[in-house]
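Enquirer: Structure for this input, please:
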Amino acid sequence: MLEGKNIRLRLRDKEDLDFLFEFWNHIEYYGEYEAIQPQMSRSEIEKRIESSTTTDAGVTWTWFVIEKKDGTKIGLMVYFTNQPRGWIEIGYALLPQEMGKGYATEAVQIIVDYLFLSKDIMRIQATTDERNKASQRVLEKVGFMKEGTIRKSGFMRGEWVNDYLYSILREEWRAPKILTKQK
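Expert: As a prediction, the model looks like this:
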């Protein structure tokens, strides 16, 4: 478990089945800038929960539940590695009613601190729909730099969309800013 000031990131486990089932299968939780995912059954989600990481086509995914200090589950954080390149990409999503409260910024800072402290990597990156100003602000507050536009990076909800690529390098990070403890 990774703890910050107001939230913590906890590896997903079986107790998260109901939350993950609703999160995965509720169209509003994706927000207007994410592709709509195919519905997933409880048994499919349960299989994904059985391991803290999943591997698809050489990409290893690690999933965390974002929760408030009182244990209220408010979102998801994921990071994935692409070997042999050695970089890590992050992604995050909050319940709509928890957006705009600083939780996403804190979650991103926690995962950045954790990854640079625990992994031998030079960069962490993230992509965001070019229209998603809130996510861009989150990344910039944590120290990510916009590298450029990935043109027509996906077909989403009936149209081709562009993404912005952001990254933070180890030398730009320098030291932990928010991570208070790891359990």
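
Enquirer: going forward, measure contacts and count neighbours with C-alpha atoms only.
Expert: OK.

Enquirer: Which stretches in the protein count as helices?
Expert: Using DSSP state H, the helices of the chain run over 17-25, 42-49, 103-118, 133-142, 170-173.

Enquirer: just those: most buried one?
Expert: A comparison of the helices of the chain by mean neighbour count, using mean count of other Cα atoms under 10 Å, puts helix 103-118 on top with a mean of 21.

Enquirer: who does it touch, helix- and strand-wise?
Expert: In this structure, helix 103-118 makes packing contacts with strand 2-3, strand 7-11, strand 87-94, helix 133-142, judged by 3 or more Cα pairs under 8 Å, 6 or more residues apart in numbering; DSSP states H and E.

Enquirer: thinking again about what came up before, hey, least reliable of the helices of the chain by pLDDT?
Expert: Least confident of the helices of the chain, judged by mean pLDDT, is helix 42-49 with a mean of 71.

Enquirer: what's the angle between that one and strand 7-11?
Expert: For helix 42-49 against strand 7-11, the angle by axes from the mean of the first three to the mean of the last three Cα atoms, to 10 degrees is 100 degrees.

Enquirer: List the contacts of helix 42-49.
Expert: Residues from elsewhere that reach helix 42-49 (Cα atoms under 8 Å, 6 or more residues apart in numbering): 12-14, 17, 20-21, 54.

Enquirer: of all these, which two lie farthest apart?
Expert: Greatest spatial distance among these (Cα to Cα): Phe21 and Thr54, at 16.9 Å.

Enquirer: which ones are touching Ile121?
Expert: Listed by Cα under 8 Å, 6+ apart, the contact partners of Ile121 are 86-88, 115, 170.

Enquirer: give me the low-pLDDT residue ranges for the protein?
Expert: Scanning the chain for pLDDT under 70 picks out the ranges 27, 29-39, 48-58, 82-85, 179-183.

Enquirer: For it, identify the residue most remote from the centre.
Expert: Distance from the C-alpha centroid of the chain peaks at Gly158, with 24.4 Å (Cα atoms, centre = their mean).

Enquirer: Adding distance to Val59, write the helices and strands packed on helix 103-118 out as TSV.
Expert: Compiled in TSV, those are given as follows (distance: least, Cα to Cα, whole Å):
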stretch	distance to Val59
strand 2-3	23
strand 7-11	18
strand 87-94	10
helix 133-142	23
